[in-house]
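A.B. asks: Fold the following for me, if possible:
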Amino acid sequence: MNEKSIKYLRKNVFKTEEYYQFELLFQQAREIEREAQGPVGILERAYIYNGKSIFSSIFSKITVEPIDYRPVSANERQGFQTTWIEQAGLKCQTAKSSVTDKGKKFCFKIKNKKLKTILIPNVVHHCRDLLSLIKGLKKCLPRLNKIYIFDSYIRECHQDPDDFCRYTPAALIKLLKLTGFRLQNRKETGNIFDCILYFISQAEKNLQYPENKILKNKIQKMIPLLKDKRKNIKYRALGRKHASAATAYAIKFEK
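C.D. replies: Predicted coordinates for the structure are as follows:
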């Protein structure tokens with residue numbers, strides 16, 4: 001793995017000291033680098049970085065091939081996060097393949113038709129029709145037999161009109177079963193206090209008006225306490241055997 005790139009992304013992009021759920025994304029990437037046999041396709045929203053793949057920068061021992069996932073509004077938002085990636089000096093590949101949402105169907109332009117493995121990091125909630133996307137990938141890539149998906153449960157609506165659905169792992173398992181893929185392993189992270197921390201941190205950042213000063217100060221005092229105790233808090237949803245408050249999941253599917 002490219003530890004320098006991982007360190008930069010953890011600190012400056014995914015801010016894992018604050019948004020703990022994204023640590024699971026990097027754990028999944030390490031698993032892929034250990035297990036991959038042959039090139040790995042990475043389906044990510046490269047268009048927001050002018051076609052650069054930030055996830056390609058974290059791998060060092062395997063060949064990766066970025067695929068730009070372009071929702072309907074991609075042209076309007078092309079390159080809106082380009083500035084920081086130019087300053088960071090990351091070794092990001094340019095996506096030469098793409099999957100474009102045309103509104104009623106997807107257009108697949110993937111150069112390497114021999115890809116057997118696809119990573120889909122932090123994308124599925126931006127997908128209008130995930131079932132059609134997976135079916136299209138399967139048709140376009142006849143050798144595809146492994147799909148890795150990472151997504152976060154906890155996030156405000158942030159890319160309207162291209163925020164659609166926060167799938168649960170159970171929903172993904174049923175959906176991918178329809179396309180011939182079965183669950184290989186499933187990992188989740190987080191608890192109710194991580195959920196509280198995420199939203200309370202967002203609230204604190206947005207309390208900018210002078211009349212909110214007292215509330216802002218109180219919240220600022222709560223955040224360090226919750227951060228300090230989050231890993232050691234013993235929490236159980238009393239009377240709710242099957243309840244959980246995970247903040248993110250990483251799932252591996254095989255055909």
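A.B. asks: C-alpha from now on. contacts and neighbour counts both.
C.D. replies: OK.
A.B. asks: so what's A95 up against?
C.D. replies: For A95, the contact set (C-alpha atoms under 8 Å, 6 or more residues apart in numbering) comprises A46, G51, K52, S53, E65, P66, I67, D68.
A.B. asks: cool, K102 as well?
C.D. replies: Residues near K102 by C-alpha under 8 Å, 6+ apart: P71, V72.
A.B. asks: go on, the one 5 residues further on?
C.D. replies: Contacts for C107 (C-alpha under 8 Å, 6+ apart) come out as V99, T100, D101.
A.B. asks: same thing with E188?
C.D. replies: E188 neighbours (C-alpha under 8 Å, 6+ apart): L24, A246, T247, A248, Y249, A250.
A.B. asks: rewinding a little: sitting in strands, which of the contacts of A95 do you find?
C.D. replies: K52, S53, E65, P66, I67, D68 (DSSP state E).
A.B. asks: coming back round to it: turn the contacts of C107 into TSV, columns for secondary structure.
C.D. replies: Listed next are the contacts of C107 as TSV, based on DSSP: H, G, I helix; E, B strand; the rest coil:
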residue	secondary structure
V99	strand
T100	strand
D101	strand
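A.B. asks: Buried members of those into PyMOL, please.
C.D. replies: Here is the PyMOL selection string for the buried members of those, based on 16 or more other C-alpha atoms under 10 Å:
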select buried, resi 99+100+101
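A.B. asks: and which of the contacts of C107 is nearest to K114?
C.D. replies: Proximity of those to K114 (C-alpha to C-alpha) peaks at V99, which lies at 16.2 Å.
A.B. asks: The closest one bridge partners, please.
C.D. replies: Bridge pairing for V99 (DSSP bridges) gives the partners Y69, F108.
A.B. asks: if we can go back for a sec, possible to save the contacts of C107 as CSV with distance to Y167?
C.D. replies: Output for these, formatted as CSV (distance: C-alpha to C-alpha, whole Å):
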residue, distance to Y167
V99, 20
T100, 21
D101, 19
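A.B. asks: Closest one of the contacts of C107 to N122?
C.D. replies: V99 (15.2 Å).
A.B. asks: quick one: that closest one and K105 touch, right?
C.D. replies: No: counting by C-alpha atoms under 8 Å, V99 sits too far from K105 to count as a contact (10.3 Å).
A.B. asks: Any idea how many residues pack against A246?
C.D. replies: Number of residues near A246 (other C-alpha atoms under 10 Å) recorded here: 20.
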